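K.L.:
Mind looking at a prediction? Sequence and model below.
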Amino acid sequence: MRSNNSLTPPYFQFTVFSDYGSLRFLFFSLCLLIYVTIISANAVIVLTVCLEKSLHQPMYIFICCLCLNSLWGSAGFFPRFLMDILSDTHVISRVSCFSQMYVIHTYVAHELTILTVMAYDRFVAICQPLYYHSKMTFRKVIQLLALAVLYPVCIVGFCMYLSSRLPLCGNELHRIFCSNWSVVQLSCVETSVNSIAGRIIAVTTVFIPLCFVLYTYLRILLVCRRSSSEFRGKALQTCLPHIVTFVTFSFSLFCELSLSRLDTDEINPFVIVVLSLEFLIVPPINNPLVYGLNLPQIRGVMFRCVKIHKMIPAAQFKTQHVQLLLKL
């Protein structure tokens, strides 16, 4: 409930959390397991790409950045969420709230911009294969990644700045994490500037990338229709993981955006939790599984590393056994 004064509160309170008694330890264990899985799965892909020289190619570098972004977004949400599950009070300071808001919003924007860059990479590789190496040079890859990373950092930072200046008439957030629109709704003054900034961010980071990805895959589909079955198979092998990742994230983001525009006071808290967790859990788990299991280059390197690690202890045991026999 909003207070009558316009003093900006020094903290916010999450109202969705309930007292589940001893069940909260079960929820905590489950969420901790999910967080550890996200860290492990994405870290394996990042290390595989970084340590294997044969994977130092544009497509795998973009996949590595996608997994790094999953680690970034998860770090901005899970530590605080795990604390709230076990805590009896669900209060977050203003600074911590805006910090979490910034991390989660940049995670969303980075995911979309990186997926857009990956779509461009696949478009050039399939539709213009003769010019791929001249267009996707190391310098071009760095420029694309810099644009994909720096643009969300700047535009989300500007949006957070506008929100931080608003005088607020309340401090209750009917969410499980801090989001920009839920804070803006607490404002005591007109928020037309924030609404315009939010629409600009939505257009430039959601709708334009969506249209561009649809355009690139329409062109890829037209090229594949005129090509041999072998070419279509190779194109599908490299494009399918990206399509699955993009569709999964777009659906999860659509659920979150729909939730932010509804009156959360009238929605079942369980529905709020499920829709909020979807885009923070499904894509970070889906990305390493899709790319790790479907791309033979990454899968082959991972399996080879596992075999090497299994063979090393056996080789060490044989060496020690021979040395012992020589001493005898």
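P.N.:
Now that the structure is in, tell me what you want to look at.

K.L.:
Over to Ser93: give its phi and psi.
P.N.:
Backbone torsions of Ser93, given as degrees, to the nearest 10, read phi -70, psi 160.

K.L.:
Chain neighbours aside, what residue packs nearest to it?
P.N.:
Tyr11 (5.2 Å; Cβ to Cβ, 6 or more residues apart in numbering). Any C-beta I mention is one placed from the backbone N, CA and C, and that applies to glycine too.

K.L.:
Where do the domain boundaries of the protein fall?
P.N.:
With automatic domain parsing as the criterion, the domains of the chain are listed as 11-294, 298-328.

K.L.:
Lowest mean pLDDT across those domains, which one is that?
P.N.:
Mean pLDDT across the domains of the chain is lowest at domain 298-328; the value there is a mean of 57.

K.L.:
And the strands in the stretch 101-250 of the chain, which stretches?
P.N.:
Counting by DSSP state E, counting those that start in this stretch, one finds strands in the stretch 101-250 of the chain at the ranges 172-173.

K.L.:
And the helices in it, which stretches?
P.N.:
Using DSSP state H, counting those that start in this stretch, the helices of the stretch 101-250 of the chain run over 132-135, 138-164, 180-184, 192-202, 208-225, 229-260.

K.L.:
ok, back up a step: can you add mean neighbour count and give the domains of the chain back as CSV?
P.N.:
Output for those, formatted as CSV (neighbours: other Cβ atoms under 10 Å):
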stretch, mean neighbour count
domain 11-294, 17
domain 298-328, 11
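
K.L.:
Shouldn't Ile92 be within a strand?
P.N.:
Yes. Secondary structure of Ile92 (DSSP: H, G, I helix; E, B strand; the rest coil): part of a strand.

K.L.:
Show the contacting residues for the residue nearest the centre of the chain.
P.N.:
Nearest residue to the geometric centre of the chain (Cα atoms, centre = their mean): Ser70, 3.8 Å. Contact partners of Ser70, counting by Cβ atoms under 8 Å, 6 or more residues apart in numbering, are 38, 42, 107, 283-284, 287-288.

K.L.:
Most widely separated two among those residues?
P.N.:
Greatest spatial distance in the contacts of Ser70: Tyr107 and Pro288, 15.5 Å, computed using Cβ to Cβ.

K.L.:
Could you report the separation of the closest residue to Phe77 other than its chain neighbours from Val271?
P.N.:
Using Cβ to Cβ, 6+ apart and skipping residues adjacent in sequence, the residue nearest Phe77 is Leu280, 5.2 Å away. Separation of Leu280 from Val271 (Cβ to Cβ, to the nearest Å) stands at 15 Å.

K.L.:
One more: Phe62?
P.N.:
34 Å.

K.L.:
Same check on Cys50?
P.N.:
From Cys50 over to Val271 (counting by Cβ to Cβ), the distance is 40 Å.

K.L.:
How about Asn286?
P.N.:
The spacing between Asn286 and Val271, counted by Cβ to Cβ, is 21 Å.

K.L.:
again with Cys127
P.N.:
42 Å.

K.L.:
and if you look at Gly21?
P.N.:
For Gly21, the distance to Val271 - Cβ to Cβ - is 22 Å.
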